[in-house]
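Engineer: I'd like to go over a predicted model; first the sequence, then the structure.
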Amino acid sequence: MPTGEFCHPPPLPPAPGAEEEEKWVWAQIKAEARRDAEAEPALASYMYSTILSHSSLERSLSFHLGNKLCSSTQLSTTLYDLFLNIFSTDSNLRSATVADLRAARFRDPACLSFSHCLLNYKGFLACQVSCSHSYEAFLYKKKAYRVAHKLWTQSRKPLALALQSRISDVFNVDIHPAATIGKGVLFDHATGVVVGETAVIGNNVSILHHVTLGGTGKSVGDRHPKIGDGVLIGAGRQY
């Protein structure tokens, strides 16, 4: 692991609020992007368009996801507006995003920086847009959703399923928009991960590639695995 500017950052100040934590992580991301743009001029335009030109984490993430998931029939600007509207109006969703960024940064030795995760970790990107309401929301019946799940609960199921399909095509990660996934989740490498409709994944879970949380064979009802907090699932496991 390189040292110096690529070492893991210090922990946050004691007991920060969610808003302060989000601001701190966004400040780290912008500082990292400036550093990388200066060190590698070939990346300067990319860093500016994806991070440095934006005023907030939700704007940067919405722009990046829109460009990743756009197609000839679904414009990046349309997706940007959709993602930004949901991220900017749901503080719990933004809190889950920050927790997932921290999970990758501190639990994956290969993660060089928060900006590296934001731009390049397909498991992180797929999780932000495809899946779930938070695990606490599942337990306490509060409304706090990630993008596709929020669309699912708003009876916009065709759009939610279209996003699921596009995410599967782009990232090779197939997460049903009705699945329930907590905060601080790390999909490490993420290739070939499948999460079924009634699956539940707790907080601070790490899942490696080619893991399937599949159905039990029941045609209706609760038919997928439940993963508790703090679990590590190794590569290639089938449930």
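Structural biologist: Okay, I see it. Numbering: from 1, shown residues only.

Engineer: Lowest mean pLDDT among the helices and strands of the protein, which one is it?
Structural biologist: Least confident helix or strand of the chain, by mean pLDDT, DSSP states H and E, is helix 135-140 with a mean of 49.

Engineer: going on from that one, what's the next piece of helix or strand?
Structural biologist: Remark: after helix 135-140, the chain's next helix or strand is helix 147-153, criterion DSSP states H and E.

Engineer: Only C-alpha atoms, please: export that following helix in PDB.
Structural biologist: Taking C-alpha atoms only, helix 147-153 is exported to PDB below (Å, rounded to 0.1, in the frame of the first residue of the first chain):
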ATOM      1  CA  VAL A 147     -33.300   5.600  -5.500                       C
ATOM      2  CA  ALA A 148     -34.800   2.600  -7.200                       C
ATOM      3  CA  HIS A 149     -36.500   1.400  -4.000                       C
ATOM      4  CA  LYS A 150     -38.100   4.900  -3.500                       C
ATOM      5  CA  LEU A 151     -39.400   4.700  -7.000                       C
ATOM      6  CA  TRP A 152     -40.700   1.200  -6.300                       C
ATOM      7  CA  THR A 153     -42.600   2.400  -3.200                       C
END
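
Engineer: List the buried residues of that helix.
Structural biologist: Neighbour-count burial for helix 147-153 flags V147, A148, H149, K150, L151, W152 (criterion: 16 or more other CB atoms under 10 Å). The way it works is simple: take the backbone N, C-alpha and C, and place the C-beta from them, glycine included.

Engineer: what does stretch 90-107 give?
Structural biologist: By 16+ other CB under 10 Å, the buried positions in stretch 90-107 come out as 90, 92-105.

Engineer: and if you look at stretch 171-189?
Structural biologist: Neighbour-count burial for stretch 171-189 [16+ other CB under 10 Å]: 171, 173-189.
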